[in-house]
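**Student:** Here is my input; please provide its structure:
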Amino acid sequence: MANSICPGCKQPFDPDEGSYTEEGLICGDCQDQRVLDGTDEMSSAGDVVEGSFAGGFAAGFFGGCIGWLLVNLLAKGVETKKGARIGFFSGIAVGFVIRALSAL
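**Tutor:** You can find the predicted model right below:
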């Protein structure tokens, strides 16, 4: 099969051993180097967004069901969603305590 020229290192390579990127088809050596350098678009796609626990807690606590649902639908942060869940259930617990104390 005909060799291709890698746009990264300008060396000929077998297209069956290459990888497709936004620049086109690159050789395996350049792809390996991108992964090692952290510049590969595939390696950065798995990064986890942390988010804000306090923001999620406030939305869940003060927003109730609507706040919790909006955070789960719109937020990308894991900590934001965790905060919203804990804030929602904390709001329910505080509501039960206030009702119990007001009944006395």
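**Student:** contacts, neighbours, all on C-alpha from now
**Tutor:** OK.
**Student:** which residue ranges form the strands in this structure?
**Tutor:** Under the criterion DSSP state E, the chain contains strands at 4-5, 12-13, 19-21, 24-26.
**Student:** Show me what the first one is packed up against.
**Tutor:** Packed against strand 4-5, as judged by 3 or more Cα pairs under 8 Å, 6 or more residues apart in numbering; DSSP states H and E, are the following elements: strand 12-13.
**Student:** tell me the helices in the protein, going along the chain?
**Tutor:** 28-37, 53-74, 78-103 (DSSP state H).
**Student:** which of those is buried the deepest?
**Tutor:** helix 53-74 (a mean of 20; mean count of other Cα atoms under 10 Å).
**Student:** For the strands of the chain, which has the smallest mean pLDDT value?
**Tutor:** The minimum mean pLDDT among the strands of the chain belongs to strand 19-21 (a mean of 65).
**Student:** Could I get the average pLDDT for stretch 63-70?
**Tutor:** Mean predicted confidence for stretch 63-70 is 94.
**Student:** Please apply the same query to stretch 95-104.
**Tutor:** 94.
**Student:** Glu79 reaches Gly51, doesn't it?
**Tutor:** Yes. Between Glu79 and Gly51 there is a contact under Cα atoms under 8 Å: 5.1 Å.
**Student:** Give me the spatial nearest neighbour of Ala75, chain neighbours excluded.
**Tutor:** Of all residues not flanking Ala75 in the chain, Lys81 sits nearest, at 7.0 Å (Cα to Cα, 6 or more residues apart in numbering).
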